[in-house]
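[1] give me a 3D structure for the following:
(one chain, ligands or ions: 1)
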Amino acid sequence: MAIRPIVTYPDPALRQRCVPIEDPTAEDARQLAQDLAETMYDAPGVGLAAPQIGVSRCIVVTDTAWREDGAERDLHVWVNPQFLWLSDETRSFEEGCLSIPETYVEVVRPVAVRLRWQDLEADWHQADYDGLMATALQHEFDHLDGKLFIDLLNPLRRRMLKRKLKKQALREAS
Ligand code: NI
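    Modelled structure (predicted):
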């Protein structure tokens with residue numbers, strides 16, 4: 001297992017569309033899941049998608065129960081996930097992203113989701129989620145399509161935020 005460097009905005013790796021994992025039981029898929037989990041816990045964060053460590057493959061890990069004391073872990077691995085349904089009802093939630101450090105903004109998304117995904121045994125599952133898990137899953141699965149939460153803001157807020165992120169990047173480079 002290894003903690004991998006997290007790719008940050010505006011790295012083009014974050015804009016790639018991921019390819020499905022053909023054999024979730026393969027050693028490289030298992031290794032990728034472990035590296036994602038270890039990197040997420042180290043960061044720390046509640047979710048991490050493969051593009052965030054520079055790998056364009058359809059796999060995400062989440063742990064929305066986890067807190068920094070590590071007392072209560074609830075690791076989920078989502079391979080080749082697809083939404084089957086998104087609720088019409090939406091809610092606004094303050095989101096952050098390990099690939100866009102120190103940026104927290106209110107994002108509006110469907111409040112509930114239904115999805116299917118594979119586990120590392122290649123078995124398919126289907127379930128409904130709401131609350132923080134529904135938000136985290138939408139945020140993470142967007143990464144697999146090369147989308148970022150800043151894309152969901154209205155044009156004015158998006159422009160302001162992009163300007164801020166550009167300044168931040170220049171400051172770090174100098
Ligand atoms: Ni993110």
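
[2] okay, stretch 160-174 in PDB with CA atoms only?
    The C-alpha trace of stretch 160-174 is given here as PDB (Å, rounded to 0.1, in the frame of the first residue of the first chain):
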ATOM      1  CA  MET A 160     -14.700  34.600  -9.500                       C
ATOM      2  CA  LEU A 161     -13.600  31.300  -8.100                       C
ATOM      3  CA  LYS A 162     -11.400  30.500 -11.100                       C
ATOM      4  CA  ARG A 163      -9.700  33.900 -10.800                       C
ATOM      5  CA  LYS A 164      -9.000  33.200  -7.200                       C
ATOM      6  CA  LEU A 165      -7.600  29.700  -8.000                       C
ATOM      7  CA  LYS A 166      -5.400  31.100 -10.700                       C
ATOM      8  CA  LYS A 167      -4.000  33.700  -8.300                       C
ATOM      9  CA  GLN A 168      -3.400  31.000  -5.700                       C
ATOM     10  CA  ALA A 169      -1.600  28.800  -8.300                       C
ATOM     11  CA  LEU A 170       0.600  31.700  -9.400                       C
ATOM     12  CA  ARG A 171       1.500  32.500  -5.700                       C
ATOM     13  CA  GLU A 172       2.500  28.900  -5.100                       C
ATOM     14  CA  ALA A 173       4.600  28.800  -8.300                       C
ATOM     15  CA  SER A 174       6.500  32.000  -7.400                       C
END
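
[3] figure out how far it is from the centre of its chain.
    22 Å (C-alpha atoms, centre = their mean, to the nearest Å).

[4] who are the contact partners of the closest residue to D130 other than its chain neighbours?
    Ranked by C-beta to C-beta, 6 or more residues apart in numbering and with sequence neighbours excluded, the top spatial neighbour of D130 is A112, at 4.1 Å. Every C-beta, even on glycine, is put in place using the N, C-alpha and C of the backbone. Contacts for A112 (C-beta atoms under 8 Å, 6 or more residues apart in numbering) come out as L86, S87, E89, D128, Y129, D130, A134.

[5] any of those buried? List them.
    L86, Y129, A134 (16 or more other C-beta atoms under 10 Å).

[6] burial of the spatially closest residue to the first one that is not a sequence neighbour, as a residue count?
    It stands for L86. Nearest residue to L86, sequence neighbours excluded (C-beta to C-beta, 6+ apart): P110, at 4.0 Å. Using other C-beta atoms under 10 Å, P110 has 17 other residues around it.
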